[in-house]
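Novice: how does the following fold in three dimensions:
(chains A, B and C)
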Amino acid sequence: MTEAISEIGETRTGRVLFDARAGHDGDDAAPGRALRTAGGPRAPRPRRRRNWSLWIGLTILVTVLALSLWANVAPPFDPYDTVGGRLEAPNAVHWFGTDNIGRDVFTRVMQSGLLGLGTSASAAVGAELIGVVVAAVAISGGRVVQEIIMRFADAFLAIPGILIVLLLRVVLGAGTVQLIIAMVVLYIPSVIRVARGAMIEVNNSDFVVLARQQGVSRARIMFLYLIPNAYPTLLVQVANIASRIIVLEAALSYLGQGIQPPVPSAGRMLYENQVYMQPAPFLLVAPALVIFALATGWNLLADGLQRRLAQRKEGARA
Amino acid sequence: MSAGNVVAATNLGIAYGGAGGFALDGIDFTLRPGEIHGIVGESGSGKSTLGLSLLGLLPDNARLSADTFDVAGHDMASASERDWLPVRRGVGSMVFQEPSTALDPTVPVGRQIEESLELAGWPREKRRPRALQILERVHLPEPERRAGMYPHQLSGGQRQRVCIAMALAPRPKFLIADEPTSALDVTVQSEILDLFREIREVTDIGIAFISHDLAVISQIADRVTVLYRGRLIQHGTVHEVLRDHPEPYTRALLDAVPSVHDAPKSKFDIHRTAYATPRGDAAPRTRTGDDDE
Amino acid sequence: MSSTLRTYGRYIIRKLGSTAFVLVVLSLIVFLMVRLVPGDPLAGYYDTQGMPSDTKIAALRAQLGLDRPWPVQYLTWFAALFRGDFGDSLTQPYSVGSQIAKRLPYSIELSLLSTLIAIAIALPLGLLAGRREGAWPDALIRAGAFFAISMPSFVIGLAIVLTNSRTLRLRLVGAVPFAQAPLDNLRLMLAPALVLAFPFAAELVRYLRANVIEDLKRPYAVTLRSKGLTRGQMVSRHSLRNSLVPLSTVVGLHLAALVGGTVVIENVFSIPGMGQFLIQSISASDYPSVQGAVFVIGVIFIVMNLAIELLYPLINPRIGEV
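Specialist: Residues are numbered from 1 along each chain as shown, chains lettered A, B, ... in the order given. Have a look, this model is predicted:
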């Protein structure tokens, strides 16, 4: 079970965008940077490429954050009230138009951005924190503990994520906090998997073996060695999970199971507005844009972090 | 260029992108049919760069300049990747240091040899017999059976034999061997050296033999080129360079190797030297690191 | 050779054992999750049957075994699963098994179709991107992959429906059984399959690209280059082969995950598959239906996983190293 599932789980985090390049063991080459590239099949230009993913991702997220903060703190219009005509097309007053009861779409969509950002970040971090600890316990706890934990993770991963969340929504109730908890629960197993992979390597390394021989306690090893050494990988995963949560939350809201009205949610707006798709397609564009921006922002951030990580590894080796 | 050379370069220089200095500078190098030409130097001396340049295998950011650069009758001074293909396909070939990673792990070794033959333009029906024949020539036991095996099913020495067979299969005019014994166990090392000697005896392939190990070079080479920091220090027959008239730098290298120049033809010394410089220590790859290890 | 076989035999036994364990855990998770749902499981029953008397409810409760402690209920349910008996729906006049049998084919067909499309898209693009790493085709393909991953597929679905309604006006929504009208069935399945294929293809492209790039950086790539292979030949003859084994794993698992993971798309295109069935059952608090459907979907995934793991050593010659 292990390898196979991890493949799919891990396309979420990784291997994918490594840009680190290395040559073969060309023993001698030019001094300096050329050393690293000798003999690669088609070797790289020597300049280090700018980490665009990281910066664009951050820019997108910060922009959405700024706009949505503005829309929440000093909303241009009351998001819950009729402030214009029905189904007005985008114009100078209502930038993204108005919906079927004359509410300002821009204000509503932008307010939803903050909630989307907040839920995705907090759920991803929450899942990461819990998952990491569980994985560390699994590794330090011996074979039986490890086996049981990993099989539970496997069983969980066998159920499509959206079904788990749908069930949890019924169990937990409909609020936003409950939604975050459901997302946390959903992503714990994949975190366990990735974190275990990242930590197991550290666990077998000489310095941990040595520490163990010298009687350093399990808990100490866990918090001092395992978790800190796995942390960069996990950071990438947080951003990755956050982007998944954005997309998933949109789908849930579209099914009426996400963030509940009257709180604005981009996914829900897609669902509510699709009836007016014919006369007013712009009603779908705005929320789709916010969802896309958030998901892309997180995705690019993950990509950029991954690349930075790869570069750092490469740098450490050279 | 003199008619007898299979490779002839004068004033060969190689520089890496932009600000980087010269990896090789002002090198004159020739390779004659049927000889083993040892290229010696410490890590960073440019010996592998020289080897790679003879098949155009340098990275993209390397710039090559030469007064003349003749490889098997082709002028390669300003050759593109495409220009090199005919040379690599059957005219010149290469054996690398690490036989465990030099072969495609998912293709049976026999098929990999046949691929070399295919690229060199051998007709389909002759490839398989030739592959088996050459595997036998390099003394791989039970070639029929082993040709169907995957690299991981062979020992390190057997794998290196396969690599050598693959290089020799299309009957090239010259062969570049880049530290071909450095990653092997001591006993296997001497077997592989014997194999290279045998190749010299029975074929007229010119072999450029790159090594950091003077003991190995003194055992096997006819001529020696000593490099230091991309420059040519000394060049001549193995006796001139290593015994009769070593330059100061060559002398220093020799002094670093216990007792080689006292009795250069003794097999015993290979063993002693190999023990004196255990692999991984002297092996130059530590300089660059290897991603897959 | 026999020792290899014995190793493989032990491998099979180990995998079968852990799979059986995972299946039990799965059934437990499914059962408990559904049991945790607050409210009276017979609430839905009232609606369809009018207001039955208290004695009748009690009788029903006993008949369904709901008056017994949950471990007993669990074991009863679990034992019945082995007979292929998923129980009866609480809210609808059918057995859960018959519903699943009716709906599963749609979901499986949809998954298979979108997988085929995804592979057809991803294979050439992934190889091209890897081969031209850093060049414009690579940049273009990666941007496309980013888009497909970041845009929820149902949004793309909505866009297709919208565009269609303004231009071609084809019938895109709904479904007919394959056995009845194969051509109509495929025609209707095409749009949802395409929508599902986009993010799938994007992941495959990224995976393939990374694999190819990694492969071209391996030391043996220099050997290949020294033999006179062009970069294109290196990819088509070696990297592709070396990527196919891990790729097949990803494809298999994604395929399995699609069955039941297509809830939203089934909704957009009104396809009566497993996803729709689940949504209906969940909103009706129909325990046996939810349990049965989630369990079947989980089993498909786990069994697929097992099949991949058992085949893996056979198609991967490097098993000797593991």
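Novice: can you get me a residue count around residue A:83?
Specialist: Residue neighbour count, defined by other CB atoms under 10 Å in any protein chain shown, stands at 17 for residue A:83. For glycine as for every other residue, the C-beta is placed from the backbone atoms N, C-alpha and C.
Novice: name the SS class of residue 79, please.
Specialist: Reading this off chain A. With DSSP: H, G, I helix; E, B strand; the rest coil as the basis, residue A:79 sits in coil.
Novice: you looked at the wrong chain, it should be chain B
Specialist: Secondary structure, three-state DSSP: residue B:79 is coil.
Novice: equivalent analysis for residue B:177, please.
Specialist: Residue B:177 ends up strand, using three-state DSSP.
Novice: that one and residue B:207, how far apart?
Specialist: 6 Å (CB to CB, to the nearest Å).
Novice: give me the more crowded residue out of these two.
Specialist: For residue B:177 and residue B:207, the more surrounded residue by other CB under 10 Å is residue B:177, and the numbers stand at 28 against 25.
Novice: would you confirm that the more buried one contacts residue B:210?
Specialist: Yes: here residue B:177 reaches residue B:210: they are 6.5 Å apart, a contact under CB atoms under 8 Å.
Novice: residues touching the residue in the stretch 151-300 of chain C that chain A sits nearest to, list them.
Specialist: Here the residue of the stretch 151-300 of chain C nearest chain A is residue C:261; by CB to the nearest CB that distance is 3.6 Å. Counting by CB atoms under 8 Å, 6 or more residues apart in numbering or on different chains, residue C:261 touches A:160, A:161, A:162, A:163, C:275.
Novice: which residue is the nearest non-sequential neighbour of the first one?
Specialist: Counting by CB to CB, 6 or more residues apart in numbering or on different chains, the nearest residue to residue A:160 once its immediate chain neighbours are dropped is residue C:261, at 3.6 Å.
Novice: work out for me the element the residue of the stretch 101-250 of chain A found nearest chain B sits within.
Specialist: Nearest residue of the stretch 101-250 of chain A to chain B: residue A:201, at 14.0 Å (CB to the nearest CB). Following DSSP states H and E, one finds residue A:201 within helix A:176-203.
Novice: can you list the buried residues in that helix?
Specialist: By neighbour count with 16 or more other CB atoms under 10 Å in any protein chain shown, helix A:176-203 contains the buried residues A:179-200, A:202-203.
Novice: same check, this time on stretch C:92-101
Specialist: Buried residues in stretch C:92-101, counted by 16+ other CB under 10 Å: C:92, C:95, C:96, C:97, C:99, C:100.
Novice: which of those scores worst on pLDDT?
Specialist: Lowest in pLDDT among these is residue C:92, which has 74.
Novice: so what's the backbone phi/psi at that one?
Specialist: Here is the backbone geometry of residue C:92 (degrees, to the nearest 10): phi -120, psi 150.
Novice: picking that back up, could you work out the most separated pair of the contacts of residue C:261?
Specialist: Spanning the widest gap among the contacts of residue C:261 are A:161 and C:275, at 12.5 Å by CB to CB.
Novice: so those two - more neighbours on which side?
Specialist: residue C:275 (30 against 20).
Novice: run through the residues that contact that one.
Specialist: C:107, C:260, C:261, C:262, C:263, C:264, C:265, C:266, C:267.
Novice: tell me which parts of the stretch 51-200 of chain B are close to chain C?
Specialist: For the stretch 51-200 of chain B, the contact set with chain C under CB under 8 Å from any CB of the partner chain comprises B:55, B:57, B:81, B:85-90, B:93-94, B:96, B:98, B:101-107, B:115-116, B:119-120, B:150, B:152-153, B:163, B:166.
Novice: take those residues and keep only those in strands.
Specialist: Counted as lying in strands by DSSP state E, out of those, are B:93, B:94.
Novice: report the buried members of the residues of the stretch 51-200 of chain B next to chain C.
Specialist: Buried positions within these, assessed by neighbour count (16+ other CB under 10 Å), are B:55, B:57, B:85, B:87-90, B:93-94, B:96, B:98, B:101-107, B:115-116, B:119-120, B:150, B:163, B:166.
Novice: so which of the residues you listed reach chain A?
Specialist: On the criterion CB under 8 Å from any CB, B:57, B:96, B:98 are the entries of those that sit beside chain A.
Novice: still on that earlier bit, let me know the average pLDDT across the helix holding residue A:201.
Specialist: Per-residue pLDDT over helix A:176-203 has a mean of 87.
Novice: does chain C sit close to it?
Specialist: No: for a cut-off given as CB under 8 Å from any CB, helix A:176-203 has no contacts with chain C; the smallest distance is 10.0 Å.
Novice: just how off-centre is that helix within its chain?
Specialist: Here the centre of helix A:176-203 is set off from its chain's centre by 11 Å, with CA atoms, centre = their mean, to the nearest Å.
Novice: which elements pack onto that helix?
Specialist: The contact analysis (3 or more CB pairs under 8 Å, 6 or more residues apart in numbering or on different chains; DSSP states H and E) places helix A:176-203 against helix A:2-13, helix A:105-140, helix A:143-157, helix A:161-172, helix A:227-254.
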